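Novice: Just a sequence and a predicted model for now, questions to come.
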Amino acid sequence: MKAIWNNQVIAESDQTIVIEGNHYFPPDSVKKEFFKASDTHTVCPWKGTASYFSVEVDGSTNKDAAWYYPETKPMASGIKGYVAFWKGVKVEK
């Protein structure tokens, strides 16, 4: 699977985990040069507290377009640190 934004592959892996229709990419499959930590956090009742990244490609920023769970609740332990996308980031084969 590839995550693409602004015509740039920002993550690529054949080891994604699909939960609730979202592909979660392993931390080492994310091209960190395109990611900037955000102060945004949200809470999922069964996964835990999510942290966000903004994605920056060619001078354009997609605020809070990626999220991950640095710590998870027990039922979501398999995606700890994995990164998922929204806000126009295309995830495709």
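Specialist: Received the coordinates, thanks.
Novice: quick one: the helix or strand where V55 lies to chain centroid distance?
Specialist: Using DSSP states H and E, V55 sits within strand 48-57. Relative to the centre of its chain, strand 48-57 is centred 7 Å away, using Cα atoms, centre = their mean, to the nearest Å.
Novice: again with stretch 35-52
Specialist: 10 Å.
Novice: Adjacent strands (with direction) for the strand holding V55?
Specialist: strand 35-44 (antiparallel), strand 60-68 (antiparallel) (DSSP bridges).
Novice: Out of those strands, which one sits most buried?
Specialist: strand 60-68 (a mean of 18; mean count of other Cβ atoms under 10 Å). In short, each C-beta sits where N, CA and C put it, glycine included.
Novice: State the mean pLDDT of it.
Specialist: What strand 60-68 shows for mean pLDDT is 98.
Novice: Can I get that strand in CSV? Just the C-alpha atoms.
Specialist: Extracted C-alpha coordinates of strand 60-68, given in CSV (Å, rounded to 0.1, in the frame of the first residue of the first chain):
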residue,chain,number,x,y,z
SER,A,60,2.3,22.8,0.9
THR,A,61,0.9,21.7,4.3
ASN,A,62,-2.0,19.3,5.0
LYS,A,63,-2.6,20.0,8.7
ASP,A,64,-3.3,17.0,10.9
ALA,A,65,-3.5,14.7,7.9
ALA,A,66,-1.9,11.7,9.7
TRP,A,67,-2.6,10.2,13.1
TYR,A,68,-1.1,7.6,15.3
